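Chemist: here are the coordinates; sequence isn't available:
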Ligand code: BG6
C-alpha cells in the first residue's frame, strides 16, 4: 500500500555536478523512481549543470545509459523513461564564465508568468564551490523565498571549513531553505528504528545502561574507492563516513524520545540528535590512540596510482555521557574492501542477573537486537531458547526475524528517492541542521588532529578480510567482540 500523495507545484531541479558519479548513480535514478510512481509534479524540469560540453540530447543519452545501469531491471519502463528524459536539459557551465551563468538564468526564467516553479539547486560538487555557486545564484536573482538548496556531504573538511561553508551558504539562503543531505537518514530501516523504539513500549524500559551492555555500529563495504580516488584520498573514512553517517546512526540509537515526529515539528528529532552529539565524551590526545584504529587496505595505493596515508578503515570506541548511557560503549567501525557488504546496528544486552539453569546443557547468550540496513533491511532479536525434546533443558540460541520486504511485501524506496521527495515537499526532518553538522565536526576534529600530530600511520589489512586485527583488540580489551555476519 502506498501512502496518499500530495499534489506539488512544479520544480526546476538544477543539479550542479549533473554528469558526476552521484548524479548518475543516485540522483537521477531517484528521480526516475518518482517519475515511475507518477510523483514528479507536472511541469517539473531537471537541469544538469556541468563543465562537460553536452547538449540536451547528449545528456538524455548519458542519463538513459546510467538508468539502464543503476535502476532495477524490473523497474525499467519505457513510458517512465520517456517521460523522465523529456524533462532533462543540460547546461555547460564554467563557474567563472558570466556568459554561462547568463544562459542558466535565461533557462530558469524561461517559464510562463503563471507557472512559477519551486527552484531546487542540488549542489553535488565539492563543498569549496558551494559559496561561489550560491553567490552567483543570488546575483542573478535566482534565489527567492520558495527556493531550496541541497548540500551534499562532506560539508567542509574540518570544523573551521565547515563553518565557512555554512556561513557562505547562510548569507544567501535561510536555514529553512537549506537541506544538508545524509542519505543514511533516508534508509527505510533507519527511519524504522525511530518507529520501533517510540511506537512500541517493550524496548524503551530496557534501552539504557541498566540493561544494554554495549552498542556496535558497522558499515562494511566490499567495494574500494572506485572512480572517486581523488575525493576519497583527501577525505578518508573518518570524514567520509564517521563524521556523518555513523554518528547520525549513533544519535538515532541514543537519543531521547522527541515530543512529536511529523507535521511541522521538523526540529523535534534534530534537537534530540544534537543533544546526543553534544554529550559525546571528547576523544583527545593520547586517548585517541587507545580508542581509535586507523586502517588502510593493502592495494589502496596501487588502485590510486600513488602511495597514500589516508585511512580506508576506522574503528573507534565512543561514550555518550548522560544519565541513560553512562558507561555503555558505542563501538563504531567502517571500511572499504572488507569481507562483506553489510550495515548493521547491534544492541547487545547484559547477561541475565541470575543463572537459572546451571544444570542445563548449552549456555545463555546475551540478548541482542540487530537492525540491518543492508542486505535485506530488517531486524532480528536474538534470544536463548529451549531446544525441543524430552529430558533435561538444553539451551540454544534462536532468533525472531523480521525482514521488511517479507513483512510488507513492498520494495523499500532508495534513500535518495525518499529524500528528494522530501526536498520537493519542503520537509527537512531527515536532513542535518547546521548545528548538528558542526557538533559532529567538533567531536571528530581532535581525532584528526591527533592522527596528524602524532603521524599515526594506518595499519594495513588485506582486501576481503574483516579489517585490521587492531579493531578486534579494541573490543577484546573490554572483554567483547564484534558480531560478524548476521545473515
Ligand atoms: C557515501 C560515501 O556517503 O556512502 C561512500 O561517500 C560510501 O564512500 C557510501 O560508499 C555508502 O553508502 P551505502 O548506502 O551504499 O551504504
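Modeler: That came in fine, so what should we check first? Fair warning: this is a prediction, and the values are worked out from it, not measured in the lab. Numbers count the residues shown, from 1 in each chain.
Chemist: From now on I want contacts and neighbour counts done on CA atoms only, so please keep to that.
Modeler: OK.
Chemist: Name the single longest helix found in the protein.
Modeler: Scanning the chain for the longest helix, with DSSP state H as the assignment, gives helix 434-453.
Chemist: which residues touch that one?
Modeler: 155, 158-159, 162-163, 166, 175, 238, 243-244, 247, 270, 273-274, 277-278, 280, 282-286, 288, 456-457 (Cα atoms under 8 Å, 6 or more residues apart in numbering).
Chemist: Flag every buried residue along it.
Modeler: 434, 436-448, 450-451 (16 or more other Cα atoms under 10 Å).
Chemist: With stretch 211-228 instead?
Modeler: For stretch 211-228, by 16+ other Cα under 10 Å, it's 211-221, 224-225.
Chemist: Run through who's touching that stretch.
Modeler: Stretch 211-228 has contacts (Cα under 8 Å, 6+ apart) with 206, 232, 246, 249-250, 300, 328-350, 464, 482.
Chemist: so of the contacts of helix 434-453, which ones are in strands?
Modeler: Among the contacts of helix 434-453, none falls in strands (DSSP state E).
Chemist: Filter those residues down to the buried ones and express that as a PyMOL selection.
Modeler: Filtering the contacts of helix 434-453 down to the buried ones (16+ other Cα under 10 Å) takes a single PyMOL command:
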select buried, resi 155+158+159+162+163+166+238+243+244+247+270+273+274+277+278+280+282+283+284+288
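Chemist: quick check, nearest of the buried residues of stretch 211-228 to residue 116?
Modeler: residue 225 (41.3 Å; Cα to Cα).
Chemist: Looking at the closest one now. What's its pLDDT?
Modeler: For residue 225, the pLDDT comes out at 88.
Chemist: Just read off the phi/psi values of it.
Modeler: Main-chain torsions, residue 225, degrees, to the nearest 10: phi -90, psi -10.
Chemist: And residue 118, by the same measure?
Modeler: Per degrees, to the nearest 10, the backbone of residue 118 is at phi -80, psi 120.
Chemist: Return the distance of it relative to residue 37.
Modeler: Per Cα to Cα, to the nearest Å, residue 118 is found 20 Å from residue 37.
Chemist: Counting neighbours, go ahead and name the busier of these two.
Modeler: More neighbours surround residue 118 than the other of residue 118 and residue 37, with 21 against 11 (other Cα atoms under 10 Å).
Chemist: Pull the number of nearby residues for the closest residue to the more buried one other than its chain neighbours.
Modeler: Nearest residue to residue 118 in three dimensions, chain neighbours excluded: residue 11, at 4.5 Å (Cα to Cα, 6 or more residues apart in numbering). The number of residues packed near residue 11 is 20, by other Cα under 10 Å.
Chemist: Residue 160 now?
Modeler: By the measure other Cα under 10 Å, the count of residues near residue 160 is 14.
Chemist: tell me the contacts of the residue nearest to residue 118?
Modeler: Contacts of residue 11 by Cα under 8 Å, 6+ apart are 41, 43, 44, 45, 117, 118, 119, 120, 424.
Chemist: give me that answer again for 10 Å
Modeler: 40-46, 116-120, 147, 424 (Cα atoms under 10 Å, 6 or more residues apart in numbering).
Chemist: now these as CSV including pLDDT, distance to residue 197 and secondary structure?
Modeler: Shown next, in CSV, are the contacts of residue 11 (pLDDT from 0 to 100; distance: Cα to Cα, whole Å; DSSP: H, G, I helix; E, B strand; the rest coil):
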residue, pLDDT, distance to residue 197, secondary structure
40, 93, 32, coil
41, 90, 34, coil
42, 89, 38, coil
43, 91, 40, coil
44, 94, 37, coil
45, 96, 39, strand
46, 97, 38, strand
116, 77, 41, coil
117, 85, 38, coil
118, 91, 35, strand
119, 93, 36, strand
120, 96, 33, strand
147, 94, 35, coil
424, 93, 28, helix
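Chemist: Could you give me the PyMOL selection string for whichever of the residues you listed are buried?
Modeler: Applying 16+ other Cα under 10 Å to those, the buried members can be selected in PyMOL as follows:
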select buried, resi 40+41+44+45+46+117+118+119+120+147+424
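Chemist: Looking at the contacts of residue 11, which one is closest to residue 199?
Modeler: Nearest member of the contacts of residue 11 to residue 199, counting by Cα to Cα, is residue 424, at 27.0 Å.
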